[in-house]
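> Quick check, what structure comes out for this input:
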Amino acid sequence: MRGWPAGYDNMNEQFVIDDFKVGESWRVFKIMGEFVDGVENLYDIGPAVSIFGSARIQPDHPYYQQAEKTAAILARNDYAVITGGGGGIMEAANKGAAEAGGKSVGLNIILPHEQEPNPYANVTLEFKYFFIRKVMFIKYAMAYIIMPGGLGTLDELFEAVTLIQTQRIKFLPVILMGSEYWSGLIDWIKDRLAGENMISDEDLDILKIIDDPEEIPVYLRQFKT
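Down below sits the predicted model:
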């Protein structure tokens with residue numbers, strides 16, 4: 001019996017990166033195709049903010065309502081809103097942006113569970129490869145808003161912070177919404193990473209905690225070009 005976590009048996013077909021075999025270099029053209037689709041559909045989107053958060057949050061949850069309100073405020077301030085296109089926080093953000101008359105972008109990922117496109121994105125793209133989708137999140141966003149979420153949300157958070165820290169991309173604001181949710185992580189980063197010189201103190205300045213949606217466009221105004 002294999003020692004895999006529950007839910008991993010008989011799922012080998014979903015492991016896309018394992019599909020690369022000798023003679024299958026044609027798959028590179030599929031990757032190129034996803035890049036082309038992304039660029040052609042998003043190149044003129046204008047100033048945009050990518051919003052991340054849990055797909056498991058229900059509409060009656062305060063985080064859902066906060067995401068919806070935040071996206072609506074951004075749309076009314078002429079920002080497009082980009083999400084992963086799924087449920088939970090992503091749905092809330094797409095809904096808020098769309099109902100406020102803004103551009104509501106959903107970059108959906110094909111997954112065996114959890115990810116179904118929400119109906120509120122008025123610009124939709126579908127990706128098979130996570131890394132291409134990540135490029136689109138960063139390339140077309142002038143800011144990130146990270147709301148409470150799980151491993152995928154943390155992945156997007158730390159990828160953006162790492163790219164900024166290593167100057168692989170220009171600085172973009174990375175905003176954490178939900179100080180109560182994120183405070184333990186921030187304390188750990190200060191205590192362990194900065195405290196043991198794993199990062200520089202100025203790296204902490206990449207992250208900004210804002211709880212009030214009304215404050216976000218005010219903060220972003222100084223970065224808008």
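
> check contacts around the nearest residue to residue 64 once chain neighbours are set aside.
Once flanking residues are discounted, residue 64 sits nearest to residue 92: 4.4 Å by CB to CB, 6 or more residues apart in numbering. Where you see a C-beta, it was placed from the backbone N, CA and C, and this is true even at glycine. Listed by CB atoms under 8 Å, 6 or more residues apart in numbering, the contact partners of residue 92 are 53, 57, 59, 63, 64, 65, 67, 68, 71.

> can you check residue 165 too?
With CB under 8 Å, 6+ apart, residue 165 has these contacts: 199, 203, 206.

> ok, the last one touching residue 174?
This points to residue 206. Yes. Contact between residue 206 and residue 174 holds when scored by CB atoms under 8 Å: they sit 5.6 Å apart.

> what is in contact with those two at once?
In contact with both residue 206 and residue 174: 161, 164, using CB under 8 Å, 6+ apart.

> and the gap between residue 187 and residue 209?
Applying CB to CB, to the nearest Å, the value for residue 187 to residue 209 is 12 Å.

> Look at these two and report which has more neighbours.
More crowded of residue 187 and residue 209, by other CB atoms under 10 Å: residue 209, with 13 against 10.

> about what we covered before: only the buried subset of the contacts of residue 92, as a PyMOL command please.
Only the buried entries of the contacts of residue 92 go into this PyMOL selection, using 16 or more other CB atoms under 10 Å:
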select buried, resi 53+57+63+64+67+68+71
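
> Name the residues of the helix-or-strand element of the chain with minimal mean pLDDT that are buried.
Of all helical and strand segments in the chain, the minimum by mean pLDDT, DSSP states H and E falls on helix 27-42, at a mean of 90. Neighbour counts over helix 27-42 (16+ other CB under 10 Å) mark 34, 38, 41, 42 as buried.

> and if you look at stretch 177-193?
177, 178, 182, 189.

> Just those residues: which are in helices?
The helices, defined by DSSP state H, take in residue 182 from those.

> Output the buried residues of stretch 177-193 as JSON lines; include the columns pLDDT and distance to residue 139.
Formatted as JSON lines, those follow (pLDDT from 0 to 100; distance: CB to CB, whole Å):
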{"residue": "177", "pLDDT": "97", "distance to residue 139": "22"}
{"residue": "178", "pLDDT": "94", "distance to residue 139": "26"}
{"residue": "182", "pLDDT": "97", "distance to residue 139": "25"}
{"residue": "189", "pLDDT": "97", "distance to residue 139": "26"}
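
> show me the contacts for the spatially most central residue of the chain.
Nearest to the mean C-alpha position of the chain, by CA atoms, centre = their mean, lies residue 52 at 4.0 Å. If a contact means CB under 8 Å, 6+ apart, then residue 52 has 83-84, 89-90, 144-147, 149, 152-153, 156-157 as its contacts.

> Could you confirm residue 82 falls within a strand?
Yes. The assignment for residue 82, made by DSSP: H, G, I helix; E, B strand; the rest coil, places it in a strand.
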